[in-house]
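Chemist: Pasting the sequence and the predicted coordinates here, then a few questions.
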Amino acid sequence: MSLFDLREPTDLVAPLLVASFDGWVDAGAAATTAAARLAEGAETIATFDADRLYDYRARRPTLEIVDGRLDRLTWPELTLRRARFGERDLLILSGPEPDYRWHELEQAAVELARRLEVAAWISLGAIPAAVPHTRPVTVLGTESRPGLLRGGVTAGPEGVLRVPAAAISVLDFAVSRAGVAAVGYYAQIPHYVTGIYPPASVELLLLVGQHLEHEVAMGELRDEARRVLARLDTATAGDANTRAYVERLEVMVDEARRPAGDDLITEIERFLHDQGGGDRS
């Protein structure tokens, strides 16, 4: 039994596929916000069997109650949508990160990539990091072979890095092993930021635009990014400890040094100690 229902289009032009899930590697909702912008006005060409993918106790449907009457339920869903940018098609695979059947999902991703003759797979994500909001967004990249990344993004970090895998990375790995050119862009989000972080979404959209060779309209996203940065500037200026911490991060970035994991932990612990006036676990 197939995990998805595909209304297969017959006129796709060298489609790129952008994939983004919420959750594990979507700090500041940066990746899913970018994917949602790409999918505005797009047609849905494939839906997935949500009952087989999601734990509804962990991802409960949203219930709307109007004047004491149960009005509507909105269920989590994973979809594949199609948009046209210039002379090229873009497919957007997005939704909540699935809870179940990751092996079946990777097989489904490979099948879709082959049936739709996907030219390249682009994973979008975002991770918290010891970086300041006062500097341009840094993006870490992965690529299935050298030369695929755009916008000056380089593959890294160097050496072996072992982390709990996200579903998006499982699919990226599967399609690359099936011969599809695959890249991943992971924006680094200042770890002290809470809520949505649109500056990173803007940067991810610029990178997708380079693959499309077509400018992606940002809508209100650029203005919202400026407003968020202005609020962070105000908050930083109002607290001496926070201001000093951000200045330390600026020095690290300006020295073009990629801190090791121990350095990041030390910086975060120092920040928490300064904020709390004592030890904090």
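Modeler: In hand now; what should we look at?

Chemist: tell me the helices in the stretch 101-250 of the chain, going along the chain?
Modeler: In the stretch 101-250 of the chain, the segments counted as helices under DSSP state H, counting those that start in this stretch are 102-115, 167-177, 198-212, 221-237, 240-254.

Chemist: winner for burial among the ones you listed?
Modeler: helix 198-212 (a mean of 23; mean count of other CB atoms under 10 Å). C-beta: built from backbone N, CA, C; applies to glycine.

Chemist: show me the contacts for the closest residue to residue 72 other than its chain neighbours.
Modeler: Of all residues beyond its chain neighbours, the one nearest residue 72 is residue 64 (4.5 Å), with distances taken as CB to CB, 6 or more residues apart in numbering. By CB atoms under 8 Å, 6 or more residues apart in numbering, residue 64 lies in contact with 70-74.

Chemist: What about these, which are in helices?
Modeler: Assignment to helices by DSSP state H places none of these there.

Chemist: if we can go back for a sec, can I get the helices of the stretch 101-250 of the chain in a markdown table with distance to residue 125?
Modeler: As requested, the helices of the stretch 101-250 of the chain are exported to a markdown table (distance: least, CB to CB, whole Å):
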| stretch | distance to residue 125 |
| --- | --- |
| helix 102-115 | 16 |
| helix 167-177 | 6 |
| helix 198-212 | 9 |
| helix 221-237 | 18 |
| helix 240-254 | 20 |
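
Chemist: Which one of those helices lies nearest to residue 53?
Modeler: Proximity to residue 53, assessed across the helices of the stretch 101-250 of the chain by CB to CB, is greatest for helix 102-115 (7.2 Å).

Chemist: Quick one: distance of that closest one to the chain centre.
Modeler: Offset of helix 102-115 from its chain centre (CA atoms, centre = their mean, to the nearest Å): 20 Å.

Chemist: That one to helix 167-177, inter-axis angle?
Modeler: If you take axes from the mean of the first three to the mean of the last three CA atoms, to 10 degrees, helix 102-115 sits at 50 degrees to helix 167-177.

Chemist: elements contacting helix 102-115?
Modeler: Packing partners of helix 102-115 (3 or more CB pairs under 8 Å, 6 or more residues apart in numbering; DSSP states H and E): strand 4-6, strand 16-22, helix 167-177.

Chemist: If we use 6 Å, what do you get?
Modeler: Packing partners of helix 102-115 (3 or more CB pairs under 6 Å, 6 or more residues apart in numbering; DSSP states H and E): helix 167-177.

Chemist: what's the helix it packs on packed up against?
Modeler: Of the remaining helices and strands, those touching helix 167-177 by 3+ CB pairs under 6 Å, 6+ apart are strand 16-22, helix 102-115, strand 120-129, strand 181-190.

Chemist: so the first one versus strand 120-129, what angle?
Modeler: Here strand 16-22 runs at 30 degrees with respect to strand 120-129, directions being taken by the same axes, to 10 degrees.

Chemist: do the second one as well
Modeler: Here helix 102-115 points in a direction 140 degrees away from that of strand 120-129 (the same axes, to 10 degrees).

Chemist: Give the rounded mean pLDDT of helix 102-115.
Modeler: Helix 102-115 carries an average pLDDT of 97.

Chemist: do the same with stretch 53-64
Modeler: Stretch 53-64 comes out at a mean pLDDT of 96.

Chemist: First-to-last residue distance for that stretch?
Modeler: Counting by CA to CA, to the nearest Å, you get 23 Å between the two ends of stretch 53-64.

Chemist: How far off centre is it?
Modeler: Remark: stretch 53-64 is offset 21 Å from the chain centroid, using CA atoms, centre = their mean.

Chemist: Pull out the buried residues from it.
Modeler: Under the neighbour-count criterion of 16 or more other CB atoms under 10 Å, stretch 53-64 has 53-54, 59 buried.

Chemist: one step back: which strands border the helix or strand harbouring the residue nearest to residue 72, and is each parallel or antiparallel?
Modeler: According to DSSP states H and E, residue 64 maps onto strand 62-66. Here strand 62-66 is paired, per DSSP bridges, with strand 69-74 (antiparallel).
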